[in-house]
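Student: 3D, please:
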Amino acid sequence: MPEPDRLFPEYQLLSWLPDETFFSLVSRHHQLWGHVTSAQMCQLIFGSARAGTHHDLPNSLGAFARRTNALLGEVDYIARERTLLKFYAAFAPPSEAENAVACMSSASVAHLKLRLGILTSRFRANHPLKACPQCMEQDLRETGWAYWHLKHQFPGVWMCTAHKRPLLQSALKATGVERFQWLLPRWSDLSPASVEPDETASCSVLLSLAELIEHLVQSAERQPLLLRKLHGVYRQELRARGWIAGVASLRTGQFATAFLDYCEPLRRIPEFAALAEDEEGMATQLGRLLRPPRSGTHPLRHLLLIHWLFGDAQRFDLAMNSEGGNNHPHTKDDVPAALPVVDPRVARLCSLIQKEGKSVRKAAGLVGVDPQTALVWAAKAGIAISRRPQKLSADVCAKAIRDLRRGTDKGQVASRAGVSVGTITRLLLSDTKLHSDWSEARSAKARAHSRALWLQLLQSSGSLGIKWMRQLDTRTYMWLYRNDRAWLDAHKPDPLPESRRSRPPTVDWAARDEQLGGLVREAALRLMEDRGVRRIHFWQLCQRIPELRAKQASLHRLPRTLEAIQSALTAHLPSRDLFS
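Tutor: Numbers count the residues shown, from 1 in each chain. Down below sits the predicted model:
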């Protein structure tokens, strides 16, 4: 075990258990040290009474690492290897993963789930705690603790791949009950998910899906799963199945029907309720996955599509390593830290120029490429080429280069030099340093321009609120949101008072009221029949109906639900007479 930190002379620090989550580690310390309240524990190791209690993506990891002298790991290790960020980072650009680590190191993780595409995915964002009964028994025998395994918490994982058993889910934390508490798996808090053990078909699909998810998350540490690369792999498999007609025409209706059939055994799990239930909706969802993404997509959608198309990790890995998976455009955020794919003709071209003294034009002819392409390849390889300007004199070329380094638009530079835009483009491509300087200058000018516009808008319309400002200048807001987020967050108007906010009624409250009221009555009956509860408490209803706590502030709009809750809380009759 690690030596206790100087800040904790009277405390013993525990070591990590295999595949243990950060939330589980702190919960074990809470039990070992014997604090009466979770707030005391938080104050001791985080410096705040409510810090770090998120069981999925916790905050204040920086404070934890400092106060334990990093004996249990630095922030980057804890965030990437001991929290659910390990799952999301496997499918996120490196810049987003770094931003997530920075958020989790700070005192607030606000908007982190939004940036990772969780809140807008329609999948559950609360990440219920899950445990395997056999793992709990084995862990107790071998370590003395029943603890939370990280691989069990991954979205989409509802089977234990070690024991081939359905996972149980906790009725705490994710439902809002004991939200700020430190907890370890207890039999009394765990209940089966919607899948029953005797449903062989559902369990088989879920087990295969869990094995695929665990493999992809682990392999992402060596080779990140680039979402843009997936589109070529998807299309290659769809074409092999005859679902792509001609060059690129997708037969969406056909494979939407097949995917609906695949999803049917999964619908017993509440987490998969966001999947479309008809062919039209499913075709829409699949169409978005088969096009290059314009915004974040929950990895679970891709995982389900991968599992449906390929079945297991081995067949998917073969498809990813094939030539079809490489036909996609890369961006700076989704290129992993690995050697790039290089055309073998580049090495031949460089050898002809450097070793054999061939001119660029001659070498290009021998290799079989255009001279301009050869010039670009040579520039990227760091070979200095003396060019004889044909359309650009030395003076004009020097002025063009000076304008380009200032970030001037290529069209304006071409107009001033009296040449075509193509000539200026070739000039840029032939000098990588010039192209880099031009790109940085363009970004700086765009940033300064967008900031100035936003500050003007903030001064003139800030009192109307951020929503109104976004409508007035959507382009500026989106540019800053994507490229200068920290500055934008620091230059937002104060939130409007509740009385000035306009929220159009977009919810069918009558239908919601009818549905929730029925769920409350059913939950009350089951509590009295199955558990023998003589008096029902509101938190017990929230355990059975997770969405009820989120609607607690809107019960004045749900009269039937409120009536059902009041009847359940005040009833002392046997279950058969409760709502008669």
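Student: any chance you could map the helices in the stretch 1-150 of the chain?
Tutor: 22-33, 38-46, 61-67, 75-82, 85-89, 94-105, 112-115, 133-143, 150-153 (DSSP state H, counting those that start in this stretch).
Student: Correction: the previous question concerned the stretch 351-500 of the chain.
Tutor: 360-367, 371-380, 394-405, 410-417, 421-429, 432-461, 466-472, 474-483, 485-490.
Student: would you list the helices of the stretch 1-150 of the chain in JSON lines and tack on distance to residue 226 and mean pLDDT?
Tutor: The C-beta positions use only the backbone N, C-alpha and C, and glycine is treated the same way. What follows is those, written out as JSON lines (distance: least, CB to CB, whole Å; pLDDT from 0 to 100):
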{"stretch": "helix 22-33", "distance to residue 226": "27", "mean pLDDT": "93"}
{"stretch": "helix 38-46", "distance to residue 226": "35", "mean pLDDT": "90"}
{"stretch": "helix 61-67", "distance to residue 226": "27", "mean pLDDT": "92"}
{"stretch": "helix 75-82", "distance to residue 226": "18", "mean pLDDT": "94"}
{"stretch": "helix 85-89", "distance to residue 226": "13", "mean pLDDT": "92"}
{"stretch": "helix 94-105", "distance to residue 226": "10", "mean pLDDT": "87"}
{"stretch": "helix 112-115", "distance to residue 226": "18", "mean pLDDT": "82"}
{"stretch": "helix 133-143", "distance to residue 226": "32", "mean pLDDT": "94"}
{"stretch": "helix 150-153", "distance to residue 226": "22", "mean pLDDT": "95"}
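Student: For residue 400, find the nearest of those.
Tutor: helix 94-105 (32.5 Å; CB to CB).
Student: in that closest one, what's buried?
Tutor: 96, 97, 99, 100, 101, 103, 104, 105 (16 or more other CB atoms under 10 Å).
Student: Out of the helices and strands in this protein, which is least certain?
Tutor: Lowest on mean pLDDT, DSSP states H and E among the helices and strands of the chain sits strand 249-250, with a mean of 65.
Student: next structured bit after that strand?
Tutor: Once strand 249-250 ends, the next helix or strand along the chain (criterion: DSSP states H and E) is helix 252-263.
Student: Convert the C-alpha atoms of that following helix to PDB, please.
Tutor: Extracted in PDB, the C-alpha atoms of helix 252-263 (Å, rounded to 0.1, in the frame of the first residue of the first chain):
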ATOM      1  CA  THR A 252     -31.700   3.100 -46.300                       C
ATOM      2  CA  GLY A 253     -35.100   1.500 -46.100                       C
ATOM      3  CA  GLN A 254     -33.700  -2.000 -46.400                       C
ATOM      4  CA  PHE A 255     -31.000  -1.900 -43.800                       C
ATOM      5  CA  ALA A 256     -33.200   0.200 -41.400                       C
ATOM      6  CA  THR A 257     -35.600  -2.700 -41.300                       C
ATOM      7  CA  ALA A 258     -32.800  -5.100 -40.600                       C
ATOM      8  CA  PHE A 259     -31.300  -2.900 -37.900                       C
ATOM      9  CA  LEU A 260     -34.800  -2.600 -36.200                       C
ATOM     10  CA  ASP A 261     -34.900  -6.400 -35.900                       C
ATOM     11  CA  TYR A 262     -31.400  -6.400 -34.300                       C
ATOM     12  CA  CYS A 263     -32.500  -3.700 -31.800                       C
END
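Student: That helix: which residues count as buried?
Tutor: Across helix 252-263, burial judged by 16+ other CB under 10 Å covers 252, 254, 255, 256, 259, 260, 263.
Student: helices or strands up against it?
Tutor: Contact partners of helix 252-263 among helices and strands, from 3 or more CB pairs under 8 Å, 6 or more residues apart in numbering; DSSP states H and E: helix 279-289, helix 299-310.
Student: Give the rounded mean pLDDT of the helix or strand that comes right after the longest one.
Tutor: Past helix 299-310, heading to the C-terminal end, the next element that is a helix or strand (DSSP H and E) is helix 313-321. If you average the pLDDT over helix 313-321, you get 85.
Student: got any ranges where the stretch 301-450 of the chain has weak pLDDT?
Tutor: For the stretch 301-450 of the chain, applying pLDDT under 70 flags the ranges 323-344, 384-392.
Student: Would you map out the domains in this structure?
Tutor: 1-193, 224-326, 344-380, 440-494, 509-577 (automatic domain parsing).
Student: rewinding a little: buried deepest among the helices of the stretch 1-150 of the chain, which one?
Tutor: Sort the helices of the stretch 1-150 of the chain by mean neighbour count, taking mean count of other CB atoms under 10 Å, and helix 85-89 sits at the top with a mean of 25.
Student: which residues touch it?
Tutor: Under the criterion CB atoms under 8 Å, 6 or more residues apart in numbering, residues 57, 79-80, 96-97, 100-101, 104, 116, 118, 150, 154-155, 213, 217, 220, 299 lie in contact with helix 85-89.
Student: One more pass at 6 Å, please.
Tutor: The contact list for helix 85-89 (CB atoms under 6 Å, 6 or more residues apart in numbering) reads 79, 80, 97, 100, 116, 154, 217.
Student: hmm, back to that, let's have the helices of the stretch 1-150 of the chain in a markdown table, adding distance to residue 432.
Tutor: Listed next are those as a markdown table, based on distance: least, CB to CB, whole Å:
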| stretch | distance to residue 432 |
| --- | --- |
| helix 22-33 | 43 |
| helix 38-46 | 47 |
| helix 61-67 | 38 |
| helix 75-82 | 31 |
| helix 85-89 | 30 |
| helix 94-105 | 22 |
| helix 112-115 | 32 |
| helix 133-143 | 53 |
| helix 150-153 | 42 |
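Student: which residues touch residue 90?
Tutor: Residue 90 is in contact with 217, 220, 225, counting by CB under 6 Å, 6+ apart.
Student: What is the nearest of those residues to residue 556?
Tutor: Nearest to residue 556 among the contacts of residue 90 is residue 217, at 43.6 Å by CB to CB.
Student: List the contacts of whatever helix or strand the closest one lives in.
Tutor: Under the criterion DSSP H and E, the helix or strand holding residue 217 is helix 200-219. Residues outside helix 200-219 that contact it (CB under 6 Å, 6+ apart) are 87, 90, 151, 154, 156-159, 161, 195, 265, 303, 307, 313.
Student: Let me know the next secondary structure element after it.
Tutor: helix 227-240.
Student: is it true that residue 561 touches residue 517?
Tutor: Yes. The pair residue 561 and residue 517 passes the contact test of CB atoms under 6 Å, sitting 4.5 Å apart.
Student: Just want to know which of the two has more residues nearby.
Tutor: Each of residue 561 and residue 517 has its neighbours counted (other CB atoms under 10 Å); residue 561 has more, 24 against 18.
Student: what's the helix or strand for the more buried one?
Tutor: helix 559-570.
Student: which parts of that helix are buried?
Tutor: So helix 559-570, judged by 16+ other CB under 10 Å, has buried residues 560, 561, 562, 564, 565, 568.
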